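Q: structure of the sequence below:
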Amino acid sequence: MIKFTVIGKVRSKFKKPVGPEEMKNNESIIKIEAQYKDGLYKIEDYEYLEIVYYLHQTEGYDLISEWRVGPKRGVFSSRSPRRPNPIGVTTVKLLKKEDNKLFVYGLDAIDGTPVLDIKVHSELMDETSSLEFDI
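A: Below you'll find the predicted structure:
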């Protein structure tokens, strides 16, 4: 059994999904639940964060579908919100932290979206341009 804990909620002017280009060009607030507030200690030392959230209004999925731009493709080769496990991940810019609120830019999640996790963006862990694999 898989169990997730909601650590916070998104506050956004978007009440329903619109194109990600529009959503990502706006500021949002992530309000962290009081019992997880201490987990934000020193988060302001980072410019970018990885937000993991539950796509709570998505219904169903298609393994192959039309993409917003380009040819048909499989769900695992797209960023479609219609997934077998409706989990979203977006890199955002942290603008400021006030108490248990994170003011961020670039989040493509609607108002009320449950936040599952926050990870700091790490050049070591998240940059792929310098990765070399011995295969």
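
Q: show me where the protein dips below the pLDDT cut-off.
A: Scanning the chain for pLDDT under 70 picks out the ranges 68, 124-135.

Q: what segments of it are helices?
A: Assigned by DSSP state H, the helices in the chain fall at 20-24, 123-126.

Q: list the contacts of the top strand by length along the chain.
A: When the chain is parsed with DSSP state E, its longest strand is strand 87-98. With contacts defined as C-beta atoms under 8 Å, 6 or more residues apart in numbering, strand 87-98 is touched by 24, 27-28, 40, 43-44, 46-55, 81, 102-109, 113, 116, 121, 126. Heads up, the C-betas are built off the backbone N, CA and C, glycines and all.

Q: among the residues you listed, name the ones in strands.
A: Reading strands off these with DSSP E, I get 27-28, 48-54, 102-105, 116.

Q: make a markdown table out of these and add neighbour count and distance to residue 63.
A: Output for the ones in strands among the contacts of strand 87-98, formatted as a markdown table (neighbours: other C-beta atoms under 10 Å; distance: C-beta to C-beta, whole Å):
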| residue | neighbour count | distance to residue 63 |
| --- | --- | --- |
| 27 | 15 | 35 |
| 28 | 25 | 30 |
| 48 | 15 | 32 |
| 49 | 20 | 31 |
| 50 | 16 | 26 |
| 51 | 25 | 26 |
| 52 | 15 | 23 |
| 53 | 26 | 22 |
| 54 | 17 | 21 |
| 102 | 25 | 34 |
| 103 | 16 | 37 |
| 104 | 26 | 32 |
| 105 | 13 | 33 |
| 116 | 17 | 24 |
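
Q: now render those as CSV, adding distance to residue 19.
A: Output for the ones in strands among the contacts of strand 87-98, formatted as CSV (distance: C-beta to C-beta, whole Å):
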residue, distance to residue 19
27, 17
28, 15
48, 22
49, 22
50, 21
51, 18
52, 21
53, 18
54, 20
102, 23
103, 22
104, 18
105, 17
116, 23
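
Q: which one of those residues is nearest residue 9?
A: residue 53 (9.3 Å; C-beta to C-beta).

Q: surely the closest one meets residue 114?
A: Yes. Residue 53 is within contact range of residue 114, at 6.3 Å (criterion: C-beta atoms under 8 Å).
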